[in-house]
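*Asks:* Need coordinates for the below:
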Amino acid sequence: MAMSPDEIERYARHLVLREVGGPGQQKLRRARVLVVGAGGLGSPLIQYLAAAGIGTIGIVDDDTVSLSNLQRQVLHGTPDLGRPKIESAADAVARLNPHVVVVRHAMRLTPENARTLVAAYDVVADGSDNFDTRYAASDACFHEGRPLVTAALGPFDGSLTTLRAHEAGPDGRPNPTYRCLFPEPPPAGTVPTCEAAGVLGALAGVLGSLMAMEVIREIVGFGDGLVGRLLMVDAMGMRFETLRYGWDDENPLSGTKHAA
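*Replies:* Take a look at the predicted model:
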């Protein structure tokens with residue numbers, strides 16, 4: 001379907017990019033992206049995906065907006081206090097880009113529902129704040145053959161990577177899974193929560209925006225993505241570093257000892 005005059009003007013800065021252009025913008029328009037979490041990472045992620053013209057954005061979140069969220073969860077505002085985050089997020093997307101369809105999933109992503117949720121989308125972006133959800137999302141993406149962009153925040157640091165664990169790399173070896181990078185979640189209580197440790201609000205904006213960039217690159221297909229690379233951001237020293245990691249043949253998903 002051809003773009004309307006409104007869409008052509010709206011996406012004009014994409015359309016003149018050789019790496020995106022009309023074909024790339026149409027890919028964004030047809031894409032279905034599932035965003036896990038409408039909080040600190042999900043807020044800028046959802047905003048930039050909507051602005052980019054992603055056709056359908058699914059949002060998984062079961063939380064409501066609280067006053068302490070607003071220091072970093074910029075998708076929501078003071079009038080949204082007490083509202084479900086998926087509702088205020090959907091309203092924000094509608095204000096920004098009425099061409100985007102938002103699918104609301106008022107639930108927590110769990111091992112029981114993750115595969116059904118993931119299977120309905122082309123790309124998954126996980127901005128959740130707990131290990132149970134991260135492992136459920138990454139395992140489901142492996143089993144359903146979906147790319148996953150996943151990020152995590154600390155008080156003054158963050159990390160980001162992209163997983164295409166269902167595919168092989170250029171060398172013929174399987175791409176790494178999330179469990180190749182982090183085989184098991186840390187013991188309960190060893191990693192302090194955001195509530196206990198705090199987080200620099202603007203850092204969530206940086207990582208969420210980088211997540212959106214990775215999602216867009218995965219859909220359009222330009223540049224050198226983060227498959228097999230972990231981007232680490234240090235806000236104290238203002239440093240960006242990249243760690244390479246590979247497939248572990250003992251991982252419980254695609255490892256030679258565990259493969260079905």
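*Asks:* contacts, neighbours, all on C-alpha from now
*Replies:* OK.
*Asks:* May I have the phi/psi pair for A152?
*Replies:* The phi/psi pair for A152 (degrees, to the nearest 10) reads phi -140, psi 150.
*Asks:* if I pick it, what's in contact with it?
*Replies:* Taking Cα atoms under 8 Å, 6 or more residues apart in numbering, we find A152 in contact with G127, S128, D129, G158, S159, L160.
*Asks:* Check which helices and strands the lengthiest helix in the chain sits against.
*Replies:* Ordering each helix of the chain by length in residues (DSSP state H) puts helix 201-220 first. Other helices and strands packing on helix 201-220, by 3 or more Cα pairs under 8 Å, 6 or more residues apart in numbering; DSSP states H and E, are helix 21-30, helix 42-52, strand 123-126, strand 148-153, strand 157-163.
*Asks:* For these, give me TSV that also has mean pLDDT and distance to H99.
*Replies:* Compiled in TSV, these are given as follows (pLDDT from 0 to 100; distance: least, Cα to Cα, whole Å):
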stretch	mean pLDDT	distance to H99
helix 21-30	97	9
helix 42-52	98	9
strand 123-126	98	19
strand 148-153	97	23
strand 157-163	97	27
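*Asks:* Looking at neighbours, which among the contacts of A152 is most surrounded?
*Replies:* G127 (28 neighbours; other Cα atoms under 10 Å).
*Asks:* Contacts only, for that one.
*Replies:* Contacts of G127 (Cα under 8 Å, 6+ apart): V35, V36, G37, A38, G39, G40, L41, G42, T150, A151, A152, G208.
*Asks:* And the contacts of the least confident helix or strand in the chain by mean pLDDT?
*Replies:* Taking mean pLDDT, DSSP states H and E as the measure, helix 194-197 is the helix or strand of the chain with the lowest mean score, a mean of 74. For helix 194-197, the external contacting residues (Cα under 8 Å, 6+ apart) are G154, P155.
*Asks:* Spatially central residue for the protein, please.
*Replies:* Among the residues of the chain, the one closest to the centroid is A125, at 2.2 Å (Cα atoms, centre = their mean).
*Asks:* Hmm, S138 and that one touching each other?
*Replies:* No. Using Cα atoms under 8 Å, A125 is not in contact with S138, being 9.9 Å away.
*Asks:* M236 and A137: what is the separation?
*Replies:* Going from M236 to A137 by Cα to Cα, to the nearest Å gives 30 Å.
*Asks:* now L41
*Replies:* From L41 to A137 the distance is 15 Å (Cα to Cα).
*Asks:* rewinding a little: just the angle for the longest helix of the chain relative to strand 157-163, thanks.
*Replies:* If you take axes from the mean of the first three to the mean of the last three Cα atoms, to 10 degrees, helix 201-220 sits at 10 degrees to strand 157-163.
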